[in-house]
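Colleague: Okay, here's the prediction I keep looking at, along with the sequence it came from:
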Amino acid sequence: MSAVVTPRHRVARLAPGRIAIVAGVAIMAVVIFAAVFAPIIAPHDPYAQSMLARFRPVSAEYWLGTDQFGRDTFSRILYGLQITLWTAFASTALAMVCGTAIGILSGYHGGRVDRWVSAANDLLMSFPQMVAGIIIVALLGPGITNLIIAIAITAFPAFYRMARSAALALRERDYIDACRVLGYSDIRIIVRHLLPETLDDIIIVATLWLATAVRTESSLAFIGLGAPPPAATLGGLVRDGFDNLLDYPGLAIWPSLAILIVMIGLNLVGDGLRDANDPRATA
Amino acid sequence: MNGIGDYALTLLMVLGISTATPALAEGVLRYGMAAQDLGTMDPHRATSTPDKPISSWLFNGLVRFKPGSDDISALEPDLSESWESNENGTVWTFKLRSGVKFHHGYGELTADDVVYSLNRSANPDTSAFASDYKSIDKVEAVDPSTVRITLKQPIPSLLGLVANYHGGNIVSKKAAEERGADFATKPVGTGPFMVQEYVPQERVTFVANPDYFRGVPKLDGIEYRYIPSDSSRDLALRAGELDVSYGRQDQEWINSIGGTEGLKVDIMRPAELQQFHLNTKSAPLDNIEVRRAVATALNRPEYIQFIGESLAQPAGSVIPAGNLGWDGSAPIYGEGDADAARKMLEDAGFKDGITLKMIQTSLPNMLSVAQVAQAQLARAGINLQLEVVDHQTFHAQIREDRSQVVYYSAARFPIADVFLTQFFHSASIVGTPTASINFSHCDVADEEIVKARSETDPEVQKQLWATAQKKIIEHICAVPLYEQLIAYARRDNVDWGYDLQAGMHLGPTVTELTELK
């Protein structure tokens, strides 16, 4: 991926990814709307149990039926979206800010610090993402904040690498040299000249990583390392549904579909942005 | 990390891919258990539901519960042929059966093994049941086939202490000394089956003991497989990969399995008492008004609805019904009155509600009950924070006094003294040198519990036990939720070889007469 794409180029190249982006943005708009307004949209309290309404089928009252505690599955999915998306956005944002900052500093300064930080980063990267996630959550203990930190750590290397390689390439450019000659401070050079140049790419990476973050969150919740009960998260809903998979498959299927829709939406946006930004993809 | 492999297994089965199981001989009973892994096979240490059934296959006591029965008045000879006691019941003499052989060539059973085993059960370093054996003064080998037990004072049931249950199981002295801590995975007993192989997180295999004193078992062996997910076990059972399976303990499951051709549901006693123990020394539960609020907010009838009436029955006291000395006359809080509970909290100075920490096992049956309680308490402004951990960790951590509320499901030897002593006598408080499983730090009924133990007049004894229960209930050391029978599923070609009404080891006993038809 080229790091040197000026904003003007990008606008001209939006065409190939446009349909995907429009579809993706539409899906995500609906999903985010549903998540944000869950308290208004949800027909039932997602935590309210009713022993008289256990395992209800799909009906006008319970759009997607109820679970073993008589809780409304549709409402739980809406709230699940909320927690899952919040976890994904927060962890990606955290990884983006930290990864970019450290990556640019490391790349811009070079030298021994850069080598050490890069080596540490490579070490982190060498762990499969799920394994790293499991280890970190197991160490930190369950809970949404810890989950966000864990996912952010697993996403950190991608941003670090991206920002560092961009900074490495840019610092050799004439105009950066010119800035140095003019006596600009490092901070000013980084903030005013390096960062804007790398921002496009970082945002694309962030979009793609959002999807990964959703997947990681769901997977961790599925194996019991997500938010503790009674919190509804999409992965947790699938896992709870597994206990009754044979008799009430819907309990696992509906939240799985919700995860699928979110993943498709995020990937469409991310892929679309990437294609639009790829200098090799010509319109 | 809970059950990744397990869910993978389910997925494979859903996709119709049969998972590779080693080829088994015809007569091997495949028994599925809801656990991640073995805890221990040491009978003097086995306290968890998944570990207990194993004891009954590997070991014998001096006397035994008839297979399928939990009737304490119908104990029958096991390793001993006959026994007698002196008039006031303080000296007991047991005559051992001759020619009983230990597994794996560990020789013949002698009085030394019995002496060793009972002393081992009485030693808190080697036994989880040491407190049950405190009344024993000494155990002696009179000659190689005679054992004499002397008591400090008469106790409600000496035979209960030497039955094939918990500390009464007789182990091989030689093997236990040789193997030390390894005895947990390499136990040696006299029972109809012996351990062949233990594969961590997967299974334990047992083979028939050809020298079993009641005759060679009809089965060739047992494969005890650890499958924590209920759905995975059900799938394995339906796919013909299991013959017996620990059930999901609710009505839905009973209806579903019961309605499947070729499968049967076994429902058995003992009823395990499901109880919330409240740590009376930990703020804010040290305030009795707060405990009263918790008890009031819990809605006891709802658990019976949740579990279903074939399995759940109301709990009337802090010890299981059917125990000798049970008394259901003291009223128990727990009508699910959230408003009243909220008011009690306000009056006690907790306007904004309270938060309680609870370490909870990931076993699905228990986790769902905890979630029902969580929702009930939430209505009264009580935030029950669940920290979900695997079952072994749960057992370890609650014994380290780390959970403010402990949800414990238990049945014990059916005499009030045992349950009262383990759960409510101050000597049993967790975190103390003599600790058993007094999670509530309850100490209000010590006097009655101790007095009742050596009381010779049965009526006075009962009265003492009743007072003890009343005091514990009034002090709200624990809130009994309901009592639950045990449900297992089996293929209909499994013939237990006896009438299965109860399993003292919380699962069907596999005897020498059990077979696959």
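Modeller: That came through, no problem.
Colleague: Can you report how many residues neighbour residue B:418?
Modeller: 23 (other Cβ atoms under 10 Å in any protein chain shown). C-beta: built from backbone N, CA, C; applies to glycine.
Colleague: Also residue B:452?
Modeller: Residue B:452 has 25 nearby residues by other Cβ under 10 Å.
Colleague: Stretch B:258-268 vs chain A: in contact?
Modeller: No. Figure legend: stretch B:258-268 not in contact with chain A (Cβ under 8 Å from any Cβ of the partner chain); closest approach 9.9 Å.
Colleague: Report the buried residues of that stretch.
Modeller: Neighbour counts over stretch B:258-268 (16 or more other Cβ atoms under 10 Å in any protein chain shown) mark B:263, B:265-268 as buried.
Colleague: Restricted to helices, list those.
Modeller: Per DSSP state H, helices hold no members of these.
Colleague: Which one of those residues is nearest to chain A?
Modeller: Of all these, the one with the least separation from chain A (Cβ to the nearest Cβ) is residue B:263, at 12.4 Å.
Colleague: For the closest residue to residue A:250 other than its chain neighbours, give me its contacts.
Modeller: Closest residue in space to residue A:250, ignoring its immediate chain neighbours: residue A:65 at 5.6 Å, by Cβ to Cβ, 6 or more residues apart in numbering or on different chains. Contacts for residue A:65 (Cβ atoms under 8 Å, 6 or more residues apart in numbering or on different chains) come out as A:55-59, A:73, A:248, A:250-251.
Colleague: go again using 7 Å as the cut-off
Modeller: A:56-58, A:73, A:250 (Cβ atoms under 7 Å, 6 or more residues apart in numbering or on different chains).
Colleague: Residue numbers of the stretch 1-150 of chain A in contact with chain B?
Modeller: Applying Cβ under 7 Å from any Cβ of the partner chain, we find that the stretch 1-150 of chain A lies next to chain B at A:47, A:49, A:51, A:55, A:68-69, A:134, A:138.
Colleague: Can you turn the buried part of those residues into a PyMOL selection?
Modeller: A single PyMOL command selects the buried members of the residues of the stretch 1-150 of chain A next to chain B (16+ other Cβ under 10 Å):
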select buried, chain A and resi 47+49+51+55+68+69+134
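Colleague: What about the residues of the stretch 1-150 of chain A next to chain B, which are in helices?
Modeller: Of those, the ones assigned to helices by DSSP H are A:134, A:138.
Colleague: counting residues per helix, which one in the chain is longest?
Modeller: If you meant another chain, say so; for now it's chain A. Max-length helix for chain A by DSSP H is helix A:73-109.
Colleague: that's the other chain; I wanted chain B
Modeller: Determined from DSSP H, the single longest helix within chain B is helix B:458-474.
Colleague: ok, then the element right after it?
Modeller: strand B:478-491 (DSSP states H and E).
Colleague: Give me the contacts around whichever helix or strand comes after that following strand.
Modeller: Downstream of strand B:478-491, the first helix or strand assigned by DSSP H and E is strand B:494-495. Defining contact as Cβ under 7 Å, 6+ apart, one finds that strand B:494-495 is touched by B:243-244, B:514-517.
Colleague: do stretch B:402-415 as well
Modeller: Under the contact criterion Cβ under 7 Å, 6+ apart, stretch B:402-415 has outside partners B:70, B:72, B:156-157, B:160, B:165, B:270-279, B:282, B:285, B:320, B:322-325, B:356-360, B:366, B:369-370, B:384, B:397-398, B:418-419, B:422, B:439, B:484.
Colleague: low-scoring stretches of the chain, by residue?
Modeller: You didn't pick a chain, so chain A it is. Within chain A, the segments meeting pLDDT under 70 span A:1-17, A:278-283.
Colleague: That was the other one, I meant chain B.
Modeller: B:1-25.
Colleague: let's see it at 80
Modeller: The model of chain B has pLDDT under 80 over residues B:1-26, B:156.
Colleague: any idea which strand is longest in it?
Modeller: strand B:263-278 (DSSP state E).
Colleague: That one: what's the following helix or strand?
Modeller: Using DSSP H and E, the helix or strand that follows strand B:263-278 towards the C-terminus is helix B:288-297.
Colleague: what packs against that following helix?
Modeller: Applying 3 or more Cβ pairs under 7 Å, 6 or more residues apart in numbering or on different chains; DSSP states H and E, we find helix B:288-297 packed against helix B:338-347, helix B:364-378.
Colleague: wait, doesn't residue B:305 sit right on residue A:51?
Modeller: Yes. Proximity of residue B:305 to residue A:51 meets the contact threshold set by Cβ atoms under 7 Å, at 4.1 Å.
Colleague: what's around the residue nearest to residue A:221 when sequence neighbours are not counted, how many residues?
Modeller: Nearest non-adjacent residue to residue A:221, counting by Cβ to Cβ, 6+ apart: residue A:235, 2.9 Å away. By the criterion of other Cβ under 10 Å, residue A:235 has 28 neighbours.
Colleague: Do you have the helices of chain A handy? List them.
Modeller: Going by DSSP H, chain A shows helices at A:7-12, A:18-36, A:38-41, A:73-109, A:111-126, A:129-140, A:144-170, A:174-181, A:186-188, A:195-222, A:234-242, A:250-277.
Colleague: Redo those as a markdown table? Include distance to residue B:131.
Modeller: Shown next, in a markdown table, are the helices of chain A (distance: least, Cβ to Cβ, whole Å):
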| stretch | distance to residue B:131 |
| --- | --- |
| helix A:7-12 | 75 |
| helix A:18-36 | 54 |
| helix A:38-41 | 52 |
| helix A:73-109 | 45 |
| helix A:111-126 | 50 |
| helix A:129-140 | 35 |
| helix A:144-170 | 39 |
| helix A:174-181 | 77 |
| helix A:186-188 | 69 |
| helix A:195-222 | 41 |
| helix A:234-242 | 39 |
| helix A:250-277 | 44 |
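Colleague: Name the residues of the longest helix of chain B that are buried.
Modeller: Residues of helix B:458-474 classed as buried: B:461-473 (neighbour count, 16+ other Cβ under 10 Å).
Colleague: Then stretch B:439-446?
Modeller: So, applying 16+ other Cβ under 10 Å, buried residues of stretch B:439-446: B:439-446.
Colleague: Let me know the closest of the residues you listed to residue A:143.
Modeller: Using Cβ to Cβ, residue B:439 comes nearest to residue A:143 of the buried residues of stretch B:439-446, at 24.1 Å.
Colleague: can you pull the contacts of that closest one?
Modeller: B:277, B:279, B:398, B:406, B:408, B:430.
Colleague: and what of residue A:239?
Modeller: So residue A:239 contacts A:221-222, A:224 (Cβ under 7 Å, 6+ apart).
Colleague: tell me the phi and psi of whichever residue of the stretch 151-283 of chain A sits closest to chain B?
Modeller: Going by Cβ to the nearest Cβ, chain B is nearest to residue A:224 of the stretch 151-283 of chain A, at 4.0 Å. Here is the backbone geometry of residue A:224 (degrees, to the nearest 10): phi 90, psi 10.
Colleague: I figured it was touching residue B:363, is that so?
Modeller: No. Residue A:224 lies out of contact with residue B:363 (Cβ under 7 Å); the separation is 11.6 Å.
Colleague: got any residues that touch both of these two?
Modeller: Here residue A:224 and residue B:363 share no contacting residue, scored by Cβ under 7 Å, 6+ apart.
Colleague: could I get the buried residues of helix B:458-474 as JSON lines with distance to chain A?
Modeller: Shown next, in JSON lines, are the buried residues of helix B:458-474 (distance: Cβ to the nearest Cβ, whole Å):
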{"residue": "B:461", "distance to chain A": "39"}
{"residue": "B:462", "distance to chain A": "36"}
{"residue": "B:463", "distance to chain A": "38"}
{"residue": "B:464", "distance to chain A": "38"}
{"residue": "B:465", "distance to chain A": "33"}
{"residue": "B:466", "distance to chain A": "32"}
{"residue": "B:467", "distance to chain A": "35"}
{"residue": "B:468", "distance to chain A": "33"}
{"residue": "B:469", "distance to chain A": "28"}
{"residue": "B:470", "distance to chain A": "30"}
{"residue": "B:471", "distance to chain A": "32"}
{"residue": "B:472", "distance to chain A": "28"}
{"residue": "B:473", "distance to chain A": "25"}
